[in-house]
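Engineer: sequence and predicted structure, then a few things I'm wondering about:
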Amino acid sequence: MIKAIAIDDEPVALDIIRNHAEKIPSVNLCATFLSASEAFNYIKSNHVDVVFADISMPGLSGLEFAEMVKHRVQVVFTTAYPEHALKGFELAATDYLLKPINFSRFLQATQLAESRMQPPAAPENLFVKDGHSWLALPLADLLYARGEDNYVSLYINDKRILTRTTLTVLQSKLPVRQFVRVHKSYIIALAKIEKIEKHQVSISDAKIPLSMLSAEELLQLLGTTGYNVHI
């Protein structure tokens with residue numbers, strides 16, 4: 001569900017957006033505003049995904065408003081002036097709708113906004129350097145990784161693969177909901193944990209120390225990332 005608001009100094013324009021939004025089940029138009037400053041105050045205390053904002057308004061303009069909320073919400077500009085389009089996209093606007101806004105174009109903008117709300121798909125393979133070649137290692141088979149200086153040992157089922165990298169670089173390439181660093185030298189696959197003790201976890205035949213996380217923190221993390229854990 002997209003939580004949206006709309007800003008326009010013309011009530012008729014807001015009525016059009018409201019009517020369009022009511023036809024789309026995935027859009028909840030939570031509020032409308034006649035000024036950008038009122039909308040900005042609303043965003044400070046309410047969650048909003050998308051703002052439909054007119055560009056030319058008295059006081060705080062739509063462009064100024066977009067600059068203020070950049071990286072916090074998606075902005076879809078609505079305006080009767082196509083010459084503002086370039087500036088709008090410089091501000092990383094999700095879309096740019098020309099008035100009068102027809103329903104099909106409004107629907108397209110909401111679908112684009114919704115697609116940007118979806119988290120990127122987790123990679124299925126990890127590519128690591130092996131001598132002069134690159135290997136594609138299935139992430140589903142990775143048990144844990146152990147780092148030592150500028151090398152990392154990857155434990156894939158019954159195999160050990162040594163690659164030249166650091167544990168920090170490796171961590172940046174792994175899905176955060178599937179792998180966690182539990183020690184300065186270890187990253188583990190959450191789904192491969194067999195046993196959790198006070199100061200260590202068991203994965204296959206390995207006993208991996210816990211120093212960055214306590215057993216309680218690890219159990220809590222498993223619960224919040226969707227694993228079936230009974231604490």
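Structural biologist: All right, it came through fine. Residues are numbered from 1 along each chain as shown.
Engineer: so what touches the longest helix belonging to the chain?
Structural biologist: For the chain, the longest helix by residue count, based on DSSP state H, is helix 103-117. For helix 103-117, the external contacting residues (C-beta atoms under 8 Å, 6 or more residues apart in numbering) are 2, 4, 17, 20-21, 23-24, 26-27, 49-50, 74, 76, 94-95, 97. In short, each C-beta sits where N, CA and C put it, glycine included.
Engineer: if we use 6 Å, what do you get?
Structural biologist: 2, 20, 24, 27, 50, 74, 76, 94-95, 97 (C-beta atoms under 6 Å, 6 or more residues apart in numbering).
Engineer: would you mind listing the buried residues in that helix?
Structural biologist: 106, 109-110, 113-114 (16 or more other C-beta atoms under 10 Å).
Engineer: how far off centre is it?
Structural biologist: 18 Å (C-alpha atoms, centre = their mean, to the nearest Å).
Engineer: also stretch 165-177?
Structural biologist: Using C-alpha atoms, centre = their mean, the offset of stretch 165-177 from its chain centre is 17 Å.
Engineer: what is the end-to-end distance of that stretch?
Structural biologist: End-to-end distance of stretch 165-177 (C-alpha to C-alpha, to the nearest Å): 22 Å.
Engineer: quick check: domain ranges of the protein?
Structural biologist: 2-117, 125-224 (automatic domain parsing).
Engineer: still on that earlier bit, name the nearest of the contacts of helix 103-117 relative to Leu167.
Structural biologist: Gln74 (34.9 Å; C-beta to C-beta).
Engineer: neighbours around the closest one, how many?
Structural biologist: 24 (other C-beta atoms under 10 Å).
Engineer: then the one 4 residues further on?
Structural biologist: Per other C-beta under 10 Å, the neighbour tally for Thr78 reads 25.
Engineer: need the contact list for the nearest residue to it once chain neighbours are set aside.
Structural biologist: Once flanking residues are discounted, Thr78 sits nearest to Leu97: 4.8 Å by C-beta to C-beta, 6 or more residues apart in numbering. Applying C-beta under 6 Å, 6+ apart to Leu97 gives the contacts 78, 105, 109.
Engineer: the protein: helices as residue ranges?
Structural biologist: Under DSSP H, the chain gives helices at 11-22, 36-45, 62-68, 85-90, 103-117, 167-173, 215-224.
Engineer: was I right about Leu162 contacting Ser153?
Structural biologist: Yes: counting by C-beta atoms under 6 Å, Leu162 touches Ser153, with 5.4 Å between them.
Engineer: now do the same contact list for Trp195.
Structural biologist: Just so we're on the same page, residue 195 is Lys rather than Trp. With C-beta under 6 Å, 6+ apart, Lys195 has these contacts: Ser202.
Engineer: so what's it bridging to?
Structural biologist: Using DSSP bridges, the bridge partners assigned to Lys195 are Ser202.
Engineer: for Tyr151, see how far away it is.
Structural biologist: 28 Å (C-beta to C-beta, to the nearest Å).
Engineer: again, but for Gln220
Structural biologist: For Gln220, the distance to Tyr151 - C-beta to C-beta - is 32 Å.
Engineer: what of Thr79?
Structural biologist: 56 Å.
Engineer: among these two, which residue is more densely surrounded?
Structural biologist: In terms of neighbours (other C-beta under 10 Å), Thr79 is the more surrounded of Thr79 and Tyr151; the figures are 23 against 13.
Engineer: state the number of residues packed around the spatially closest residue to that one that is not a sequence neighbour.
Structural biologist: Using C-beta to C-beta, 6+ apart and skipping the chain neighbours, the partner closest in space to Thr79 is Ile55 (4.2 Å). For Ile55, the neighbour count with other C-beta under 10 Å is 23.
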